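In: Sequence and predicted model, in that order:
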Amino acid sequence: MSDPVIAQTSPYRVDLEEGEKYAYCTCGLSDKHPFCNGAHKEAGEFKPNVFIAEKTETVGLCGCKRTGNEPRCDGTHKSL
């Protein structure tokens, strides 16, 4: 598997809490999108994008797994 699976062709709207750690799914195989559930272990070449929220806010996290601003959506899904 060289390209991640497109989970959906729109962003996931999620509420992030300042200081909390999140693991964004990069492979597209998770059943807990947009977050990782460990399914990448089957694909072998993917690792979650672990980040700490800088502030409490609602954001759009990429659903197509093609963003250039991971984990945030940059609109790439519009060209798929």
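Out: Received it, and whenever you're ready, just let me know what you need. The structure presented is a predicted model; accordingly, all values stated were derived computationally and were not measured. Numbers count the residues shown, from 1 in each chain.

In: pLDDT below threshold where in the protein?
Out: For the chain, the stretches flagged by pLDDT under 70 are 1, 43.

In: For it, which segments are assigned as helices?
Out: 40-43 (DSSP state H).

In: Report the separation between the nearest residue to Glu17 once chain neighbours are set aside and Tyr12.
Out: Leaving aside its chain neighbours, Glu17 sits nearest to Thr56 (5.3 Å; criterion: C-beta to C-beta, 6 or more residues apart in numbering). For glycine as for every other residue, the C-beta is placed from the backbone atoms N, C-alpha and C. Thr56 is 17 Å from Tyr12, where distance means C-beta to C-beta, to the nearest Å.

In: Show me the strands in this structure, by range?
Out: For the chain, the strands defined by DSSP state E cover 12-16, 21-24, 49-52, 57-61.

In: Save these as a markdown table, and put in mean neighbour count and distance to Gly38 too.
Out: A markdown table is the format used below for the strands of the chain (neighbours: other C-beta atoms under 10 Å; distance: least, C-beta to C-beta, whole Å):
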| stretch | mean neighbour count | distance to Gly38 |
| --- | --- | --- |
| strand 12-16 | 14 | 18 |
| strand 21-24 | 17 | 9 |
| strand 49-52 | 13 | 13 |
| strand 57-61 | 15 | 18 |
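
In: Can you tell me which of these is nearest to Ser2?
Out: Each of the strands of the chain has some distance to Ser2 by C-beta to C-beta; the shortest is strand 49-52, at 17.7 Å.

In: Neighbouring strands of the closest one in the sheet, and parallel or not?
Out: Here strand 49-52 has these sheet partners by DSSP bridges: strand 21-24 (antiparallel).

In: what's around the residue nearest to Glu17, how many residues?
Out: 11 (other C-beta atoms under 10 Å).

In: That one touches Leu16, doesn't it?
Out: Yes. Applying C-beta atoms under 8 Å, one finds Thr56 in contact with Leu16, separated by 6.6 Å.

In: I figured Gln8 hits Leu61, correct?
Out: No. Judged on C-beta under 8 Å, Gln8 makes no contact with Leu61 at a distance of 10.7 Å.

In: Before I go, just wanted to say thanks for your time.
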